[in-house]
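1. mind folding the following:
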Amino acid sequence: MAVMPGSMVHAEPSDPAEFSVSTDTAPSTPTPPFMGPSAPRIVVPPSPAPKLQIDPRPVAGLRPMPRPATLAAAPVSPRSGLRPAARDPFLPSARWDGKPGTGIWTRGLMAALRGPASDLAGVVPGDIATWCPAYAQNPPELRRAFWVGVMSALSRLESRHRADAVGGGGLYHGLLQILPGTARGYGCVARNGTMLRDPVRNLSCAARIMARTVKRDRAVALKDGRRAGIAADWGPMTKPAMRAEMAAWTREQSYCRPTAQLSVPRPKARPAAG
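-> Below you'll find the model as predicted:
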């Protein structure tokens, strides 16, 4: 095959037989130069653990410090009597008696008459003989009983003893149908319709209002032939037939009779230990 001058042609053989395999072995890794003898390996044996010396003397037990004399327990003195205290409060008869859950109404109202409406028991209205002949001679607890009675009789006419009653197109709420604006004006805890539909709060608010108006007018319902006291805020008190019905009921209660005496239940005495 002619070759042009100045050029190089690389030709691959077409026949595998033309390849030659070298039989020479690969050169071995060169040996590093001798650097002298290696340093000997030093092995340090572990040191034995020190032996603990046990004190042959017995260990003294820990004892608490004595209590100072100022912290000594006070001597226990036995009670002089075994008879428990009388139960309180006294629960008077109410027009709602027999209706489930009304016991708490009476208790709550009695509490209000001892608390925010406590002035009510100190007032002797001019027309009280029509409502409760024994009132003027009664002790404070029996006077409070009368106000529970008259409010329970009034709530029967106002709401039929329904704590959730709403009247006047949504204006008046609860047992004694109180207007929220009136409640706020007298400083009641119940200040809206929802709260006034709580029976205890409603009665407490009514007692607060009556304590103000009855004390102001010195009357339950009438003064000099005009409406006064409770009648200033509650409609049934302005109607002669309704007023007569309520007064007839309160006069028949034990706390309004001249012979009424306050009797608080007292539990039996505990047996003496022995």
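
2. which parts of this structure are helices?
-> Applying DSSP state H to the chain gives helices spanning 103-114, 128-131, 140-159, 180-185, 193-196, 199-217, 240-251.

3. the last one to helix 140-159, inter-axis angle?
-> An angle of 150 degrees separates the directions of helix 240-251 and helix 140-159 when computed by axes from the mean of the first three to the mean of the last three CA atoms, to 10 degrees.

4. which parts of helix 240-251 are buried?
-> 242-243, 246-247, 249-251 (16 or more other CB atoms under 10 Å). No exception for glycine: its C-beta is placed from N, CA and C like everyone else's.

5. make TSV from the residues you listed and add pLDDT to it.
-> Listed next are those as TSV, based on pLDDT from 0 to 100:
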residue	pLDDT
Met242	98
Arg243	98
Met246	98
Ala247	98
Trp249	98
Thr250	98
Arg251	98
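
6. thinking again about what came up before, in CSV, list the helices of the chain along with distance to Gly167.
-> Output for the helices of the chain, formatted as CSV (distance: least, CB to CB, whole Å):
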stretch, distance to Gly167
helix 103-114, 19
helix 128-131, 25
helix 140-159, 8
helix 180-185, 13
helix 193-196, 11
helix 199-217, 13
helix 240-251, 15
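
7. flag every buried residue along stretch 168-178.
-> For stretch 168-178, by 16+ other CB under 10 Å, it's 172-178.

8. put the alpha carbons of that stretch into PDB.
-> Provided in PDB are the C-alpha atoms of stretch 168-178 (Å, rounded to 0.1, in the frame of the first residue of the first chain):
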ATOM      1  CA  GLY A 168     -94.500  40.700  78.300                       C
ATOM      2  CA  GLY A 169     -93.200  39.900  74.800                       C
ATOM      3  CA  GLY A 170     -89.800  38.800  76.200                       C
ATOM      4  CA  LEU A 171     -89.400  41.600  78.600                       C
ATOM      5  CA  TYR A 172     -90.000  40.000  82.000                       C
ATOM      6  CA  HIS A 173     -88.200  36.900  83.300                       C
ATOM      7  CA  GLY A 174     -88.300  34.200  85.900                       C
ATOM      8  CA  LEU A 175     -90.400  33.400  89.000                       C
ATOM      9  CA  LEU A 176     -91.300  37.000  89.800                       C
ATOM     10  CA  GLN A 177     -91.100  38.400  86.200                       C
ATOM     11  CA  ILE A 178     -88.400  40.900  86.700                       C
END
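
9. low-confidence ranges in this protein?
-> Counting by pLDDT under 70, the chain shows low-confidence ranges at 1-40, 42-44, 49-50, 52-62, 67-89, 260-274.

10. before we move on, the earlier item: what's the most distant pair in the buried residues of helix 240-251?
-> Met242 and Arg251 (15.2 Å; CB to CB).

11. before we move on, the earlier item: nearest to Trp96, out of the helices of the chain?
-> Of all these, helix 140-159 comes closest under CB to CB, at 5.1 Å.

12. how far off helix 103-114 does the closest one point, in degrees?
-> 120 degrees.

13. and helix 140-159, what other elements does it pack with?
-> helix 103-114, helix 199-217, helix 240-251 (3 or more CB pairs under 8 Å, 6 or more residues apart in numbering; DSSP states H and E).

14. and if we set it to 6 Å?
-> Judged by 3 or more CB pairs under 6 Å, 6 or more residues apart in numbering; DSSP states H and E, the packing partners of helix 140-159 are helix 103-114, helix 240-251.

15. could those helices go into CSV alongside distance to Ser93?
-> Output for the helices and strands packed on helix 140-159, formatted as CSV (distance: least, CB to CB, whole Å):
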stretch, distance to Ser93
helix 103-114, 9
helix 240-251, 10
